Structures are given as C-alpha cells and as structure tokens.
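Peer 1: Turn this into a model:
(one chain, ligands or ions: 2)
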Amino acid sequence: MAVEEKVLTDREKELAKTFEATKDMLRKSDHQVGMVMDLNKCIGCQLCSMACKTLWTSFEGREYMWWNKVNTMPGKGSPKDWEKMGGGYKVLFEGKVMEPVQGKHPTRKEFGDLWKFNWNEVVNSKAGDVHLQAKNQEDDSVPDWSMNWDEDQGAGTYPNSFYFYLPRICNHCSYPACVDACPRNAIYKRETDGAVVIDQDRCKGYRFCLEACPYKVIYFNFVTDKSMKCIFCYPRLEQNVANACARQCTARVRWVGFVDKPESIIYKLVKVWKVALPLHSEFGTNPNVFYIPPLAPSRLDDSGKIDPTKPRIPRDYLRYLFGPEVDKSLEVMQTELDKVRKGGKSELMDILIAREWKKMFDIFDKDPAIMERKPAKAGIYTRPGIKE
Ligand code: SF4
Ligand code: SF4
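Peer 2: Residues are numbered from 1 along each chain as shown. Ligands and ions are numbered 1, 2, ... in the order given. Model prediction:
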C-alpha cells in the first residue's frame, strides 16, 4: 500500500531543519567513551550497583534508582519487562536509523519497590514468628518487584537449567533517542567524551525521555521533578579516574576507554577482535556499552552424557540479545581459548584475563584517592542555538 507523503509548508520545513541542526549539535562529541563487560566473568555480586548507589543515588528522591543494576538473564529485569517497552528507532538500512518507535513510560512500580529486611526481627523473633519479611520503606507493604527480584531464577530444567548476569547502565548511545525526545534540549552528549547527560537546570520533568529510551535506564526523581540517569561518572573521568562500577568490580569484568581510539583496549575488543557486542542493537541507538557474550557448557543428554553439539544457553536466546554477530564472537573466543588450552598464546585471552587490572582503564587509571572533591555540575555547557 502506498504511503501518502505529508507535504510540509515552508515554515514546517524551516522548523524541521532547525530541529535537526540543534539535535545534531547535541549528539556531537569530539571523542566517545565506552565500556566493555565480560559476561563470562560477572558473578552477580552487585558491588558495582552498590558503588554507584553510594556515590550517586542515595540522596532524596533517588533512593529507588539503580543507575547500575545487575539482572539475571533470562529474566524480566528492571523495570519489569523493559525489553518489551519500545522506544528507540526502527533501523531501516545499512545501520541508518530513521523512524522513532513509540515507547512506554515505565511506572514507578515497574522499576520495583524500595524494600529492606527488618534485621531486628531476625535477632529478636521467637520460634514460630514470621521474620525476615521484606517490607517497603515507603508504606510498609510487602514488595512484589525490585531491581533484582528474579535473581538466579534463569530458565530451563535440571540438569540443563541456565542463567547468567547482565550488568546494565546507560549506554551513552551515539544516536540517543533520549536526546531527540527532549523538547527542552536538556539532554546532550558531552563534547569531550560523548557521555550523555541531563542538564538538571533545563529539565522540566516532561519525561518523554523515559518513553524514548529503549533500554529504560532513565528514572524520574519525584522530589525534584527531574529525570535522572547514569552519568558515566564524568566527574571522575575528568580527573582520569575510572567509573566507580568498573573500579569496584571484584571480577575484573569491565574495561573503560575510548571507542574511537585504536590504542584503546575497548577499540580492540569491539572493532579489531569484534567479540564485544551491543545489547539489542536493533533498538537503533548505537550503544557505546558492549558485552562479551557468555560461552556456555554443553547440554547433558537424556542419559546424562555431555552432548558437545548443544550449548546450555540456547544460541537463539543469545542472538535475540546480541544479534547474529554473536555466532562469530563465540567462535573466535572458543578458538582462542582452545589455542591457550593447547599451550599456545592468545592476545585476546590475555586481554580478557586482565592480569594487570589498571590496564583495563585506558587513560582513566588514576587512584580515586587523588581526586579533588568538588560538587558535580552537569549543566555547564551553553551551546549556541539553545536558548532558555
Ligand atoms: S541508553 Fe537510553 S538514556 Fe542512555 S543514551 Fe541511550 S537512549 Fe539515552
Ligand atoms: S561488581 Fe563486577 S562481578 Fe560483581 S556484579 Fe558488578 S560487574 Fe558483576
């Protein structure tokens, strides 16, 4: 069926041009920082989540926020069922992104309850008392969802059940749907490093960004009436200190660096070895957070014997998360792993083992102890053409 094209008036054409020019400016950056996370190493300890919470989201109105979270996959995650909420763009051809996809605004409840155990009950309860009953901090009700509610549930049946952890932050996308959606032009990429931030002075709380982001990583602060999200720890980057989630990671899961600098390990993993892949690239926002997909043990057949032809994590599920490129990525990793197992050497395996953890952070390898403590201020850029 032919689609009838809307004929724009001269005034509408002029406005569309201005809109695009402004958004182009907000999406522009001289360089692009990124992160690679190795899902083969994540143990789901949530230290990254706690590091982020302690630093950025333990203040008024942010208590329910998890700018960094680690979900169990397969699972519904947080907000609950976020993968089905829409947003982003329909990728039309050759990676060129075009039509925006209507997205849903996640509700406060879908992000999950803010609950805690009552440790006092544990210590003082008598036999037969209900204890360790989780309760919502806000109204004492019993919670039914939270950031990590379906932890370790996974999928499949014993002995072939499986799960793995998926740490998530804002992807600091190259084509951020949140930037396009904001009628106040409050969201922009920082010129120096491409981190996507929300200018808290410009934000008026319209929340179109929550609908537009297909990863549903933007939260609304009901106290300040502003949208908030992961800022890629830019005040730390400015002092060459890596993100708190990366520094605190027990398992050396996260590399930080420039996606566009060939000397960076991130560049090597994403563009040379091509083993690190974006999550749900079909969302069309060109993420700058990448994942090394999980290699899985083989399935056991009905007689309990290992069937080397069938991986425990169904390949279709990994293709759903990381696209068809996941086949090649897993093949390259398996080949390099086999090489080492036979006594050979592999540059890729050396990178992934990360014996020298400081090398994981590119130029951001300074000790946080040397940081000059000063209040973070994101909205410092006045860009030409963006008026009050
Ligand atoms: S992940 Fe969402 S909030 Fe982050 S830059 Fe991309 S579209 Fe914006
Ligand atoms: S700190 Fe590291 S290992 Fe622990 S959950 Fe976070 S990414 Fe995974």
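Peer 1: Convert stretch 296-303 to CSV, retaining C-alpha atoms only.
Peer 2: Output for stretch 296-303, consisting of C-alpha atoms alone and laid out as CSV, is shown next (Å, rounded to 0.1, in the frame of the first residue of the first chain):
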residue,chain,number,x,y,z
ALA,A,296,28.3,-21.9,28.0
PRO,A,297,29.0,-25.5,28.9
SER,A,298,27.3,-28.2,26.7
ARG,A,299,23.9,-29.7,27.5
LEU,A,300,23.6,-33.2,29.0
ASP,A,301,21.5,-35.7,27.0
ASP,A,302,18.8,-38.0,28.5
SER,A,303,21.4,-40.5,29.6
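Peer 1: what comes into contact with that stretch?
Peer 2: Contacts of stretch 296-303 with the rest of the structure, by CB atoms under 8 Å, 6 or more residues apart in numbering, involve 159, 160, 162, 306, 307, 308, 309, 310, 311, 312, 313. (Glycine included, C-beta is placed from N, CA and C.)
Peer 1: Okay, strands next: where are they in the stretch 1-150 of the chain?
Peer 2: In the stretch 1-150 of the chain, strands defined by DSSP state E, counting those that start in this stretch lie at 33-38, 69-73, 89-93, 96-100, 115-116, 135-136, listed in chain order.
Peer 1: What of the stretch 201-350 of the chain?
Peer 2: Along the stretch 201-350 of the chain, counting by DSSP E, counting those that start in this stretch, strands occupy 219-221, 226-228, 254-258, 277-278, 289-292, 298-300, 306-311.
Peer 1: Show me which residues of the last one are buried.
Peer 2: Residues of strand 306-311 classed as buried under the neighbour-count rule (16 or more other CB atoms under 10 Å) are residue 311.
Peer 1: Start the count at 199 instead of 1 going forward.
Peer 2: Taking 199 as the first residue, the last one we looked at is strand 504-509.
Peer 1: and it, what other elements does it pack with?
Peer 2: Taking 3 or more CB pairs under 8 Å, 6 or more residues apart in numbering; DSSP states H and E as the contact definition, the neighbouring helices and strands of strand 504-509 are strand 496-498.
Peer 1: my guess is residue 405 contacts residue 426, does it?
Peer 2: No. Between residue 405 and residue 426 no contact is recorded; they are 11.2 Å apart, counting by CB atoms under 8 Å.
Peer 1: could you list every residue that touches residue 285?
Peer 2: Contacts here follow CB under 8 Å, 6+ apart; on that basis residue 285 touches 299, 300, 301, 302, 375, 409, 410, 411, 412, 413, 414, 481.
Peer 1: Over to residue 443?
Peer 2: Contact criterion CB under 8 Å, 6+ apart gives 246, 247, 249, 250, 266, 365, 367, 431, 452 as the residues in contact with residue 443.
Peer 1: how close does the first one sit to ligand 1?
Peer 2: Read that as residue 246. 17 Å (CB to the nearest ligand atom, to the nearest Å).
Peer 1: And for the last one?
Peer 2: Between residue 452 and ligand 1 the distance is 17 Å, computed by CB to the nearest ligand atom.
Peer 1: Looks like that residue contacts residue 239 (just checking).
Peer 2: No. Contact criterion CB under 8 Å: residue 452 and residue 239 do not qualify, at 9.3 Å.
Peer 1: Neighbour count: these two, which is higher?
Peer 2: Residue environment comparison for residue 452 versus residue 239 gives the larger neighbour count to residue 452, 25 against 18, counting by other CB atoms under 10 Å.
Peer 1: give me the beta-bridge partners of that one?
Peer 2: residue 235 (DSSP bridges).
Peer 1: quick one: it and residue 553, what's the gap?
Peer 2: In this view, residue 452 and residue 553 are 15 Å apart by CB to CB, to the nearest Å.
Peer 1: now swap in residue 277 and tell me
Peer 2: Separation of residue 277 from residue 553 (CB to CB): 38 Å.
Peer 1: coming back round to it: out of the contacts of stretch 494-501, flag the one nearest to residue 347.
Peer 2: Using CB to CB, the shortest approach to residue 347 within the contacts of stretch 494-501 belongs to residue 360, at 18.9 Å.
Peer 1: Can you check the distance spanned by stretch 264-277, start to finish?
Peer 2: 10 Å (CA to CA, to the nearest Å).
Peer 1: Give me the distance between it and the centre of its chain.
Peer 2: Stretch 264-277 has its average C-alpha position 10 Å from the chain's average C-alpha position, going by CA atoms, centre = their mean, to the nearest Å.
Peer 1: circling back: please identify every residue contacting each of residue 405 and residue 426.
Peer 2: Joint contacts of residue 405 and residue 426 (CB under 8 Å, 6+ apart) are residue 418.
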